[in-house]
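Asks: Sequence and predicted structure are below.
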Amino acid sequence: MTDSADLGPREAMEYDVVVVGAGPAGLSAAIRLKQLNPETSVVVVEKGSEVGAHILSGAVIDPVGLDKLLPEWRQAPDRPLVTEVTEDQFYYLGPSGAVPLPNFGMPKLMSNHGNFVGSLGNVCRWLAVQAEALGVEIYPGFAAAEVLYDDKGAVTGIATGDMGIGRDGKPKSGFTRGMELHGKYTLFAEGARGSLTKTLIARFKLDDNSEPQKFGIGIKELWQVDPKKHVPGRVQHSFGWPLDSKTGGGSFLYHLENNQVVVGFVIHLNYTNPYLSPFDEFQRFKHHPLIAPTFEGGKRIAYGARAITEGGYQSVPKLSFPGGALIGCSAGFVNVPRIKGSHNAVLSGMLAAEHLSQALAEGRAHDEPLSYEQAWRGSEIGQDLYKVRNVKPLWSKLGTFAGVILGGIDMHCNEKLGFSLFGTLKHGKPDYATLKPIAESKPIAYPKPDGKLSFDKLSSVFLSSTNHEEDQPIHLMLEDPKVPIEKNLPIFGEPARLYCPAGVYEVVYGDEAAKKDPRFVINAQNCVHCKTCDIKDPAQNINWVTPEGGGGPNYPNM
Ligand SMILES: Cc1cc2nc3c(=O)[nH]c(=O)nc-3n(C[C@H](O)[C@H](O)[C@H](O)COP(=O)(O)OP(=O)(O)OC[C@H]3O[C@@H](n4cnc5c(N)ncnc54)[C@H](O)[C@@H]3O)c2cc1C
Ligand code: SF4
């Protein structure tokens with residue numbers, strides 16, 4: 001391994017604001033900064049090969065953020081959202097039946113009236129065009145690999161990763177040193193479980209006064225369906241089967257335009273059974289009699305997975321630190337019962353931009369934008385999250401049936417009476433600490449995929465168009481390489497084999513029949529950047545760091 005300092009100096013570029021991540025949060029912040037002062041210099045770096053390539057969402061999108069950011073978006077001929085929600089259905093599933101839940105019993109804040117179904121990736125592609133038109137510089141294919149600090153400890157920007165380092169850690173032919181992007185302020189908009197955000201939270205102790213962040217893994221497919229089965233704007237959610245009542249999660253199924261339907265499943269990562277495979281739960285879910293008919297005769301065209309933050313209001317860390325702030329899902333702004341975070345991503349980007357713009361106007365740099373941290377709870381983001389803050393803890397503590405019912409009653413109380421019966425509940429353990437040993441757990445037998453409705457992992461990853469340069473250091477770093485085989489395998493059956501939705505982790509045996517001489521294998525090139533391993537590894541031994549820029553999935557309209 002070559003020491004970074006031996007690779008030579010890095011070139012540097014100076015900006016007012018550096019933004020890490022071209023998701024809805026990062027792009028909205030960049031746009032708002034330019035709207036407030038066209039002279040502000042703003043750069044956005046994005047690890048995907050293009051804007052949108054790493055974006056995976058549902059998505060039913062509440063346009064409240066877009067309406068505020070770009071009020072004329074609905075009139076734009078190339079607007080990225082065209083299909084309004086027309087039907088909003090909820091079901092509780094049993095193994096062979098489904099009970100519809102009446103819409104009139106739902107809290108009003110769960111309603112999707114006025115929302116749009118669409119691709120968040122396409123929304124980001126469109127936002128990037130608007131940002132560039134305002135003069136924002138956007139660099140896709142560049143991963144922010146390192147946070148830069150000054151001698152007082154304030155963040156001064158980021159460095160992009162070096163390109164052309166071999167698996168052995170040495171530069172290859174075509175090696176290019178990363179760039180330093182210096183900013184008076186840096187905004188981190190990396191989405192759920194950002195790799196740099198994680199280091200900032202630890203360094204500045206940003207989560208000292210918040211509950212642990214909670215996560216889910218969302219696995220999603222895009223299908224082209226028979227036109228006769230397509231109902232543009234139909235939105236369907238379910239909970240219950242195939243999960244047992246102690247495992248939180250549920251499905252989403254949205255009819256977009258052009259006979260395309262997305263189907264996905266979110267499983268809360270505080271599940272306890274190490275035999276559980278989120279991928280296989282999703283595959284068998286599609287065989288349910290309520291779900292299967294939509295996809296029979298159709299064609300699966302894309303696949304992907306991504307973690308989603310679920311901790312809500314009480315898990316939001318402190319957002320500001322000297323030289324920068326967290327926005328969007330790096331801050332954890334998802335409204336869990338609504339499965340929506342993109343509206344708050346946009347609103348938080350705007351809010352942070354407004355506070356940074358003020359700071360820049362006052363000639364400040366590299367200090368802490370504390371006013372943004374002080375403002376979010378009173379903003380519409382805080383109000384959105386506060387009302388639903390007990391839904392996830394109730395679900396985790398009481399199981400699906402009682403938890404969902406009490407969560408619903410609690411949302412009604414918050415909505416109508418302005419208070420919660422439960423105060424603010426705690427989440428308890430972080431997700432990595434919830435697995436039970438295999439000795440105390442029941443094995444789960446998953447059916448074989450039929451190749452029509454259900455599939456295996458490798459053919460699925462193929463549909464994510466994931467691509468990484470193979471000769472590069474493994475970006476899934478093990479703090480202690482012995483842990484998977486010596487600890488995780490005997491205690492938990494090495495659950496990475498099952499929770500990774502891309503088949504990256506395997507345990508192979510020198511003597512397969514006798515299950516002797518196990519070895520832990522990491523197929524890093526398959527990684528779809530969902531971040532689940534970084535979250536769920538019971539030993540917290542896997543550290544997801546950015547691979548070479550441009551590597552990873554190449555999602556179309558996900
Ligand atoms: C399965 C699923 C379903 C969902 N459904 C909905 C829904 O229906 N409606 C809704 O509103 N929300 C939904 N959400 C939540 C929504 O997707 C998020 O709230 C939203 O995407 C957050 O936006 P963001 O900009 O903070 O992060 P992201 O959208 O995750 O964008 C982050 C960007 O930063 C880039 N990046 C990360 N790290 C680096 C780095 N170090 N260097 C360079 N680039 C980097 C990533 O590649 C990515 O492009 C869903 C999420 C999931 C996973
Ligand atoms: S290796 Fe980790 S981040 Fe990559 S796909 Fe698997 S679980 Fe997700």
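Replies: Happy to help now that I have it. Numbers count the residues shown, from 1 in each chain. Ligands and ions are numbered 1, 2, ... in the order given.

Asks: From now on I want contacts and neighbour counts done on CA atoms only, so please keep to that.
Replies: Will do.

Asks: mind listing the helices for the stretch 151-300 of the chain?
Replies: Listed in chain order, the helices of the stretch 151-300 of the chain (DSSP state H, counting those that start in this stretch) span 195-203, 278-285, 292-295.

Asks: Nearest to Ser348 among those helices would be which one?
Replies: helix 195-203 (15.7 Å; C-alpha to C-alpha).

Asks: Make CSV out of the helices of the stretch 151-300 of the chain and add distance to Asn390.
Replies: Shown next, in CSV, are the helices of the stretch 151-300 of the chain (distance: least, C-alpha to C-alpha, whole Å):
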stretch, distance to Asn390
helix 195-203, 24
helix 278-285, 24
helix 292-295, 33
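
Asks: how near is Ala402 to Gly240?
Replies: 12 Å (C-alpha to C-alpha, to the nearest Å).

Asks: quick one: which of these two has more around it?
Replies: Gly240 (21 against 14; other C-alpha atoms under 10 Å).

Asks: Wait, that one touches Phe90, no?
Replies: No - between Gly240 and Phe90 there is no contact under C-alpha atoms under 8 Å: 11.2 Å.

Asks: ok, Leu148 - contacts?
Replies: Taking C-alpha atoms under 8 Å, 6 or more residues apart in numbering, we find Leu148 in contact with 155-159.

Asks: tell me which element it falls in.
Replies: Here Leu148, judged by DSSP states H and E, is contained in strand 144-149.

Asks: then that strand to CSV, C-alphas only?
Replies: What follows is strand 144-149, C-alpha atoms only, in CSV (Å, rounded to 0.1, in the frame of the first residue of the first chain):
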residue,chain,number,x,y,z
ALA,A,144,-15.6,12.7,-2.2
ALA,A,145,-13.2,10.4,-0.4
GLU,A,146,-11.7,12.5,2.4
VAL,A,147,-12.8,15.5,4.5
LEU,A,148,-10.2,18.3,4.7
TYR,A,149,-9.7,20.3,7.9
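
Asks: Is there proximity between that strand and ligand 1?
Replies: Yes - judged by C-alpha under 6 Å from any ligand atom, strand 144-149 comes into contact with ligand 1 at 144-145.

Asks: returning to that earlier point: mind checking which of the contacts of Leu148 are in strands?
Replies: 155-159 (DSSP state E).

Asks: any weak-confidence spans in the stretch 1-150 of the chain?
Replies: 1-3, 5 (pLDDT under 70).

Asks: Does Ile301 touch Leu463 like I think?
Replies: Yes - with contacts counted by C-alpha under 8 Å, Ile301 reaches Leu463, the gap being 6.6 Å.

Asks: Compare those two (neighbour count), which wins?
Replies: Leu463 (18 against 15).

Asks: From Leu222, how far off is the residue nearest to that one when sequence neighbours are not counted?
Replies: Using C-alpha to C-alpha, 6 or more residues apart in numbering and skipping the chain neighbours, the partner closest in space to Leu463 is Ala302 (4.9 Å). Using C-alpha to C-alpha, one obtains 5 Å as the distance from Ala302 to Leu222.

Asks: For these two, list the residues in contact with both.
Replies: Going by C-alpha under 8 Å, 6+ apart, residues that sit against Ala302 and also against Leu222 are Met558.

Asks: Would you mark the buried spots in the strand holding Leu148?
Replies: In terms of neighbour count (16 or more other C-alpha atoms under 10 Å), strand 144-149 has its buried residues at 144-149.

Asks: So is stretch 490-498 next to ligand 2?
Replies: No - remark: stretch 490-498 sits outside contact range of ligand 2, by C-alpha under 6 Å from any ligand atom, the gap being at least 7.1 Å.

Asks: Could you list the low-confidence segments of this structure?
Replies: Low-confidence segments of the chain (pLDDT under 70): 1-3, 5.

Asks: How much space separates the spatially closest residue to Ala143 that is not a sequence neighbour from Gly363?
Replies: Closest residue to Ala143 apart from its sequence neighbours, by C-alpha to C-alpha, 6+ apart: Lys47 at 4.1 Å. Per C-alpha to C-alpha, Lys47 is found 31 Å from Gly363.

Asks: Quick one: the strands in the stretch 201-350 of the chain, in order.
Replies: In the stretch 201-350 of the chain, the strands defined using DSSP state E, counting those that start in this stretch lie at 215-224, 234-240, 249-255, 260-268, 299-309, 320-321, 324-326.

Asks: Contacts for the fifth one, please.
Replies: Taking contacts as C-alpha under 8 Å, 6+ apart, the residues outside strand 299-309 that touch it are 56-57, 192-193, 213-225, 329, 332-334, 460-461, 463-464, 501, 528-532, 553, 555-556, 558.

Asks: same deal with the third one?
Replies: Among residues not part of strand 249-255, those counted as contacts by C-alpha under 8 Å, 6+ apart are 58-60, 117, 216, 230-240, 243, 261-268.

Asks: Leu134 contacts Leu33, correct?
Replies: No - between Leu134 and Leu33 there is no contact under C-alpha under 8 Å: 9.7 Å.

Asks: neighbour count winner among those two?
Replies: More crowded of Leu134 and Leu33, by other C-alpha under 10 Å: Leu33, with 30 against 16.

Asks: what residues are up against that one?
Replies: Contacts for Leu33 were tallied using C-alpha under 8 Å, 6+ apart; they are 40, 42, 350, 353-354, 356-357.

Asks: does Asn112 count as helix, strand or coil?
Replies: coil (DSSP: H, G, I helix; E, B strand; the rest coil).

Asks: Let me see the contact set for it.
Replies: 60, 62, 85, 88.

Asks: Can you pull the residues of this protein lying near ligand 2?
Replies: Residues of the chain lying near ligand 2 (C-alpha under 6 Å from any ligand atom): 500-502, 504, 527-533.

Asks: residue ranges of the helices in the stretch 401-550 of the chain, please?
Replies: 457-462, 483, 489-492, 496-499, 532-536.

Asks: same for the strand or helix carrying Val19, what does it pack against?
Replies: Under the criterion of DSSP H and E, Val19 resides in strand 12-20. Where contact means 3 or more C-alpha pairs under 8 Å, 6 or more residues apart in numbering; DSSP states H and E, strand 12-20 is packed against helix 24-36, strand 42-46, strand 180-188.

Asks: Quick check, Phe523 in contact with Cys500.
Replies: Actually, residue 523 is Asn. It isn't Phe. No - contact criterion C-alpha under 8 Å: Asn523 and Cys500 do not qualify, at 11.1 Å.

Asks: quick revisit: partner strands of the strand holding Leu148, with direction?
Replies: strand 155-160 (antiparallel) (DSSP bridges).

Asks: what angle separates the strand it pairs with from strand 180-188?
Replies: 110 degrees (axes from the mean of the first three to the mean of the last three C-alpha atoms, to 10 degrees).

Asks: May I have strand 155-160 as CSV, with CA atoms only?
Replies: C-alpha atoms of strand 155-160 as CSV (Å, rounded to 0.1, in the frame of the first residue of the first chain):
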residue,chain,number,x,y,z
VAL,A,155,-13.9,21.6,7.7
THR,A,156,-12.4,23.3,4.6
GLY,A,157,-13.6,21.1,1.8
ILE,A,158,-13.1,17.6,0.5
ALA,A,159,-10.7,15.6,-1.6
THR,A,160,-11.9,13.4,-4.4
